[in-house]
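Asker: Sharing a model that was predicted from the sequence below.
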Amino acid sequence: MKKQIAIIGGGPSSFLLASFLDTEKFDVTIYEKNKTAGRKFLVAGKGGFNLTHSESIEPFLGRYTSNHFLDNALQHFNNTEFRTWLQSIGISTYVGSSKRVFPTDGIKPIEVLNAVLAHLKEKCVSIKYEHVFTGWDAENFPIVNNNVLQTDYTVFSLGGASWKVTGSSGSWIDTFSKKGITTKPFKASNCSYEVAWGSHFIKIHEGTPLKNIAISCNDVLQKGEAVITTFGLEGNAIYGLSPQIRKQLATNKKATIYIDFKPTLTLELVYSKLTNSSFKNTTQILKKELKLSLPQVDLLKCYLSKDSYLNKRELANTIKKFPLEVIGTATIDEAISTVGGIDLKAVSENFELLNLPNQFCIGEMLDWDAPTGGYLLQGCVSTGVFLATYLNSSS
C-alpha cells in the first residue's frame, strides 16, 4: 500500500519535491492556499526569468549564508542538473553574458510553470487549491481547511515573507512558534537600502544607474550595477551584500559600504590617469580620462572638500573606495526575498523537524540567504530534490 505525502504550499521547492518522489511508493498531494499555484514564481519572472547561475560548484556554494547547511542539497542537485531536468520537461535554457541561466528566448514564465504542472499531472500528483493550513491536531496531524490530514509524511513549503500580493506573507511563523518550533523573525534581503542623499543630488540623479562598479562591505565584494533612488540604492551590486549590511545595521543602526567606481583599474593606474591627463580641469579629467558618469562625479564633489577634490592622490583613493552610509532597509514586502523563518537548528540534515517526526520544511521558509542571480530559486529546488531522494530511499 502506498504511503501518503502531503505537501503544504505550491512553489518551486514543492514542485521539484513532487517531481522527484517515487509515485510507485507514494500518493502525493500538494495543498495550495491560492486559487492557482506558483504565483511568486511568475512574479519573479517579470524582471527577466533567471532560473539559476552557471558558475562552478565551489563558488556557487559560497553564495549561500547558511553555515554550509545547504551544501549537501546543492551538490546533490546542482545547477547543471537543474538545467538538464528543465530540458527533460521541454524547457531549453541558455547562459547569458552575466553567466545567469534563462529560458531560451521566447519561452515565457507561464510556459515554464505550465510545463512543470503538466509534468506533475503525468506523475499523478494531485494539487488541491484554496486549501489553507491552520495547525495540527492533538496527534500532530496537519489541519487543512478544518480537516485533519491522515498522512505518513508532511512537507511544509510555505515560503518566506516577501511579496504578500502572491500569498507569500510568512504568517505561518506564529503557528510554528506556538508549536514549540524555534523560529527567527523575518528580515528583508535583496532589497533597496536607505541612503540620506542630499536634496540637490537626488533631484538631479534619481533613477540613474551606477554601472560597472564594485561595492564592498565587511571585506565582501560584489560587482555589478546599482540604481540611485529617492529611498537609496538598489541593484545586484548591493543585493549580494545583504548579510553584511544587515549585520552592521543590527549592531550600529547604520552601515558603511564602499563603492569602487573603476574596479577594472588599479589605484595606481587611476592616480596616473589623474596626474598625466592632458586635460587641466579635474571634472573634465574624471569624465573624459576616467569615463566616470555624471552621478559618480557629483558624488565625489558632494563627499570631498574642494581641496580634497583637487588633490589627485586623495581623489584617486576616493574613486577606488568611496564611502557611503546606509541607514536602513526597505520593508519586507518590498524585498525580493527574506531571511528568518525556521531556525536551521530546528531541523535535521534532511530537513525533518526535530520535534515533529516525519514532518519536514524546505525552501524559503528555512533561515538561509542568497543573492539574486538564480541562487534563490536553485536553493529552493535543491532542497526539494534532496528531500525526495531521502524519502524515496527511506520508504
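Answerer: Noted; the coordinates are in hand.

Asker: so who does residue 14 touch?
Answerer: 7, 30, 155, 157, 362, 363, 384 (Cβ atoms under 8 Å, 6 or more residues apart in numbering). Yep, even glycine has a C-beta here, placed from its N, CA and C like the rest.

Asker: mind redoing it with 7 Å?
Answerer: 7, 30, 157, 384 (Cβ atoms under 7 Å, 6 or more residues apart in numbering).

Asker: now do residue 166
Answerer: Contacts of residue 166 by Cβ under 7 Å, 6+ apart are 39, 40, 43.

Asker: which residues touch stretch 259-273?
Answerer: Contacts of stretch 259-273 (Cβ under 7 Å, 6+ apart): 213-215, 223, 289-290, 292, 296, 312-313, 316, 319-322, 324.

Asker: about what we covered before: what would the contacts of residue 166 look like in JSON lines with neighbour count, secondary structure and pLDDT?
Answerer: Below are the contacts of residue 166 laid out as JSON lines (neighbours: other Cβ atoms under 10 Å; DSSP: H, G, I helix; E, B strand; the rest coil; pLDDT from 0 to 100):
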{"residue": "39", "neighbour count": "19", "secondary structure": "helix", "pLDDT": "82"}
{"residue": "40", "neighbour count": "21", "secondary structure": "helix", "pLDDT": "79"}
{"residue": "43", "neighbour count": "15", "secondary structure": "helix", "pLDDT": "74"}
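
Asker: Tell me the one among those nearest to residue 64.
Answerer: residue 40 (19.5 Å; Cβ to Cβ).

Asker: Check the gap between the closest one and residue 234 for me.
Answerer: Per Cβ to Cβ, to the nearest Å, residue 40 is found 19 Å from residue 234.

Asker: helix/strand/coil for residue 274?
Answerer: helix (DSSP: H, G, I helix; E, B strand; the rest coil).

Asker: That one contacts residue 317, correct?
Answerer: No: look at residue 274 against residue 317 with Cβ atoms under 7 Å: they stay out of range, at 10.7 Å.

Asker: Neighbour count: the two, which is higher?
Answerer: residue 274 (20 against 15; other Cβ atoms under 10 Å).

Asker: Could you pull up the residues touching the more buried one?
Answerer: By Cβ under 7 Å, 6+ apart, the neighbours of residue 274 are 285, 312, 315, 316.

Asker: Can you tell me the closest non-neighbouring residue to it?
Answerer: residue 312 (4.5 Å; Cβ to Cβ, 6 or more residues apart in numbering).

Asker: Contact partners for that neighbour?
Answerer: 271, 274, 275.

Asker: same thing with residue 35?
Answerer: 129, 130.

Asker: any idea whether it is helix, strand or coil?
Answerer: coil.

Asker: Quick check, pLDDT for it.
Answerer: With respect to pLDDT, residue 35 scores 93.

Asker: With residue 79 instead?
Answerer: Note on residue 79: pLDDT of 98.

Asker: wait, it sits on residue 53?
Answerer: Yes: contact status for residue 79 versus residue 53: in contact at 6.2 Å, counting by Cβ under 7 Å.

Asker: So in this structure, which helix runs the longest?
Answerer: Ranked by residue count and defined by DSSP state H, the top helix of the chain is helix 375-394.

Asker: Quick check: the residue nearest to residue 274 vs residue 280, distance?
Answerer: Distance of residue 312 to residue 280, computed by Cβ to Cβ: 12 Å.

Asker: Ok, residue 160 next?
Answerer: 54 Å.

Asker: Comparing these two, which residue is more hemmed in?
Answerer: residue 160 (28 against 7).

Asker: which residues touch that one?
Answerer: 168, 170, 186, 337, 338, 341, 364, 365.

Asker: Least confident of these?
Answerer: Lowest confidence among the contacts of residue 160: residue 168, with 82.

Asker: what's the closest non-adjacent residue to that residue?
Answerer: residue 159 (4.2 Å).

Asker: Which neighbouring elements make contact with the helix-or-strand element of the chain with minimal mean pLDDT?
Answerer: Lowest mean confidence among the helices and strands of the chain (mean pLDDT, DSSP states H and E): helix 39-44, at a mean of 76. In terms of contacts (3 or more Cβ pairs under 7 Å, 6 or more residues apart in numbering; DSSP states H and E), helix 39-44 is packed against helix 109-122.
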